[in-house]
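K.L.:
test case, fold it:
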Amino acid sequence: MIKGLPNLAVALAILLTASGCGGQKVAVTDKEAIERVVHDYILAHPEIIPEAMAGMQSRDVARELRINRVEVETPFPGTVAGNPNGDVTIVEFFDYACPYCRVAHNDLKRLIAADPKLRVVYRDFPVLSEGSGEAAMAALSAAKQGKYAALHDRLFESEGKVDRERTVALVRAAGLDERRVAADFANAALKAELKKNIDLGRALGLTGTPSFIIGDKVLSGAVGYEKLVAAVATARTGRGK
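P.N.:
Here you go, the predicted model:
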């Protein structure tokens, strides 16, 4: 077996993803011959490995999106922005302690203002710190009170370390019921929502924040306003809009 590849199936996938093994024809019943050809081809063309693995990862993500599409695009009540009946949905997985999410927050607000047919679903994905988890719980509590946007914006647009003290101060500034928010820090349903988001992110292979699901694409990082616009346009074209 080729070192670094888990099994023959992966090796064959890499071989077939490449350029047909240089035109050589191999009897599929001859396992040793296949492994030898794969081995020799990869040694001669090591550049195909990242490309092939990226292709397989892309197919895996596309499959997971098909399986989980409804769940991914169905928001926790109150955590949707833009046009609730929009023809294209952006799903953002984010962390309040992520500086890149802060940049992406401004891009999304600009995009929502510019595109009246856009629907945005926010998925709290607190992976950076205990403070970001508490901020996410407070934000979901705010959604229960019909004031998600008021707290969400403050959490991204206010300076300071993301911790409970800051979150409580912003809860107060957003006009929320502080007692309800305090109680919701221990709310099992809200904890389950955050766990669901983490599980969805892992199923989709998300490795950090922010991450965006737009149509059949996953964009990782603060990709910028123009790339978001382009991804929305591609998704809209794919829907025949």
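K.L.:
only C-alpha atoms from now on, for both contacts and neighbour counts.
P.N.:
OK.
K.L.:
enumerate every residue touching the residue sitting nearest the centre point of the chain.
P.N.:
Nearest to the mean C-alpha position of the chain, counting by CA atoms, centre = their mean, stands Ser211 at 3.7 Å. Residues in contact with Ser211 (CA atoms under 8 Å, 6 or more residues apart in numbering) are 92-94, 218-221.
K.L.:
narrow those to those in strands?
P.N.:
The strands, defined by DSSP state E, take in 92-94, 218-220 from the contacts of Ser211.
K.L.:
need the max-distance pair from those residues.
P.N.:
Phe94 and Val218 (13.4 Å; CA to CA).
K.L.:
who's more crowded, these two?
P.N.:
Phe94 (26 against 20; other CA atoms under 10 Å).
K.L.:
wait, the more buried one sits on Arg123?
P.N.:
Yes: contact between Phe94 and Arg123 holds when scored by CA atoms under 8 Å: they sit 6.5 Å apart.
K.L.:
where does the nearest residue to Pro77 once chain neighbours are set aside fall, secondary structure wise?
P.N.:
Nearest residue to Pro77, sequence neighbours excluded (CA to CA, 6 or more residues apart in numbering): Ala143, at 6.7 Å. If you go by DSSP states H and E, Ala143 is part of helix 130-144.
K.L.:
that older thread, next one, pLDDT for the closest residue in space to the residue nearest to the centre of the chain that isn't next to it in sequence please.
P.N.:
Spatial nearest neighbour of Ser211, chain neighbours left out: Ser220 (4.5 Å); criterion: CA to CA, 6+ apart. With respect to pLDDT, Ser220 scores 92.
K.L.:
make 276 the first number, not 1, from now on.
P.N.:
That works, and once the first residue is 276, the last one we named lands at Ser495.
K.L.:
domain ranges for the chain?
P.N.:
283-321, 345-513 (automatic domain parsing).
K.L.:
Pro391 against Asn360, yeah?
P.N.:
No: Pro391 lies out of contact with Asn360 (CA under 8 Å); the separation is 10.0 Å.
K.L.:
now do the strands in this structure.
P.N.:
Going by DSSP E, the chain shows strands at 355-357, 363-369, 393-399, 486-489, 492-495.
K.L.:
dump these into CSV; add distance to Leu475 as well.
P.N.:
Below are those laid out as CSV (distance: least, CA to CA, whole Å):
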stretch, distance to Leu475
strand 355-357, 17
strand 363-369, 10
strand 393-399, 10
strand 486-489, 11
strand 492-495, 13
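K.L.:
ranking these by mean pLDDT, which is last?
P.N.:
strand 492-495 (a mean of 90).
K.L.:
so for that one, what gets flagged as buried?
P.N.:
492-495 (16 or more other CA atoms under 10 Å).
K.L.:
and for stretch 471-483?
P.N.:
471-473, 475-476, 479, 481, 483.
K.L.:
which ones among the residues you listed are found in helices?
P.N.:
471-473, 475-476 (DSSP state H).
K.L.:
quick check: the two most widely separated of these?
P.N.:
Checking those with CA to CA, the most distant pair is Lys471 and Gly476, at 8.5 Å.
K.L.:
shared neighbours of the two, anything?
P.N.:
By CA under 8 Å, 6+ apart, no residue touches both Lys471 and Gly476.
K.L.:
which residues touch the residue nearest to Pro352?
P.N.:
352-354, 424 are the contacts of Ala418 under CA under 8 Å, 6+ apart.
K.L.:
before we move on, the earlier item: which parts of the helix holding Ala418 are buried?
P.N.:
Within helix 405-419, the residues scored as buried using 16+ other CA under 10 Å are 406-419.
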